[in-house]
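Engineer: Take this sequence and fold it.
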Amino acid sequence: MKFTFTEKKVQVSDELREYAEKKIGKLDRFFKIESEAFVTFGIERGRHRAEVTINNNGMFYRVSEATGDMHASIDSAVAGIESQIRKNKSRLAKRLRDGALEREVKPSVSYAASDDDGGEADFQIMRTKRFPIKPMTAEEAILQMNLLDHEFFVFRNQDNRDAFSVVYRRKSGGYGLIEGAD
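Structural biologist: Numbering: from 1, shown residues only. From the prediction side, this is the model:
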């Protein structure tokens with residue numbers, strides 16, 4: 001597993017990084033392909049926050065935990081990710097097509113710098129993300145959206161000739177699907 005560490009308002013010792021690598025590295029047994037782990041350490045209002053995001057072949061798992069101790073935050077985040085992985089694998093095996101986790105997709109994310117030319121502040125784009133939009137079913141897209149804890153998710157709908165689609169979480173409960181028309 002490849003690790004990337006980020007520190008926000010805190011200096012982290014090498015011992016804590018090694019501890020995080022050891023704990024998070026144990027999750028590698030769930031994946032056939034090498035994964036990437038992004039770990040962010042921070043302190044917010046006196047609480048030690050550990051955010052762990054694992055990218056395994058285009059499928060993302062993210063958990064953020066805050067406790068009184070950074071070691072406990074890491075332990076709790078690893079337990080949360082392990083729970084997500086187990087839940088995800090069983091759902092994919094029951095509801096979705098075979099091999100959904102093993103599909104070879106390499107997402108690339110890039111951030112565009114904001115040009116400040118004194119334009120309209122109400123419509124200023126602060127960050128741009130670019131990534132391949134992979135074909136999947138609506139159920140897979142909802143699962144991925146929930147794993148990332150996002151409000152919407154963009155994908156190509158396999159059930160509708162790879163049409164550009166968006167699933168979103170409705171405020172009244174349930175999910176919505178927006179599909180592009182030909």
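Engineer: From here on, just use CA atoms for contacts and neighbour counts.
Structural biologist: OK.
Engineer: tell me which residues in the helix or strand of the chain at the bottom of the mean pLDDT ranking are buried?
Structural biologist: Here the helix or strand of the chain ranked lowest by mean pLDDT, DSSP states H and E is helix 70-95, holding a mean of 81. Across helix 70-95, burial judged by 16 or more other Cα atoms under 10 Å covers 70-82, 84-85, 88, 92.
Engineer: Output the contacting helices and strands for that helix.
Structural biologist: Helix 70-95 sits against helix 14-25, strand 47-56, strand 59-67, helix 138-148, with contacts defined as 3 or more Cα pairs under 8 Å, 6 or more residues apart in numbering; DSSP states H and E.
Engineer: mind listing what's buried in the longest one?
Structural biologist: If I follow you right, that is helix 14-25. For helix 14-25, by 16+ other Cα under 10 Å, it's 20-21, 23-25.
Engineer: Looking at those, spot the one nearest Glu151.
Structural biologist: Ile24 (26.4 Å; Cα to Cα).
Engineer: Isn't the closest one up against Gly80?
Structural biologist: No - using Cα atoms under 8 Å, Ile24 makes no contact with Gly80, being 11.1 Å away.
Engineer: Just send the buried residues of helix 14-25 back as CSV, with distance to Met1 too.
Structural biologist: As requested, these are exported to CSV (distance: Cα to Cα, whole Å):
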residue, distance to Met1
Ala20, 12
Glu21, 9
Lys23, 12
Ile24, 9
Gly25, 6
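Engineer: quick check, nearest of those to His150?
Structural biologist: Ile24 (22.7 Å).
Engineer: Report the beta-bridge partners for the residue most central in space within the chain.
Structural biologist: Centroid-nearest residue in the chain: Phe60, 3.7 Å away (criterion: Cα atoms, centre = their mean). Beta bridges link Phe60 to Asn55, judged by DSSP bridges.
Engineer: looking at it, it is touching His150, isn't it?
Structural biologist: No - the pair Phe60 / His150 is not scored as a contact, 11.6 Å apart, by Cα under 8 Å.
Engineer: which of the residues in stretch 175-182 are buried?
Structural biologist: Quick answer for stretch 175-182 (16+ other Cα under 10 Å): Glu179.
Engineer: Number of residues surrounding Asn57?
Structural biologist: 19 (other Cα atoms under 10 Å).
Engineer: what pairs with the closest residue to Val52 other than its chain neighbours across the strands?
Structural biologist: Closest residue to Val52 apart from its sequence neighbours, by Cα to Cα, 6 or more residues apart in numbering: Val39 at 4.7 Å. On the basis of DSSP bridges, Val39 is bridged to Phe5, Val52.
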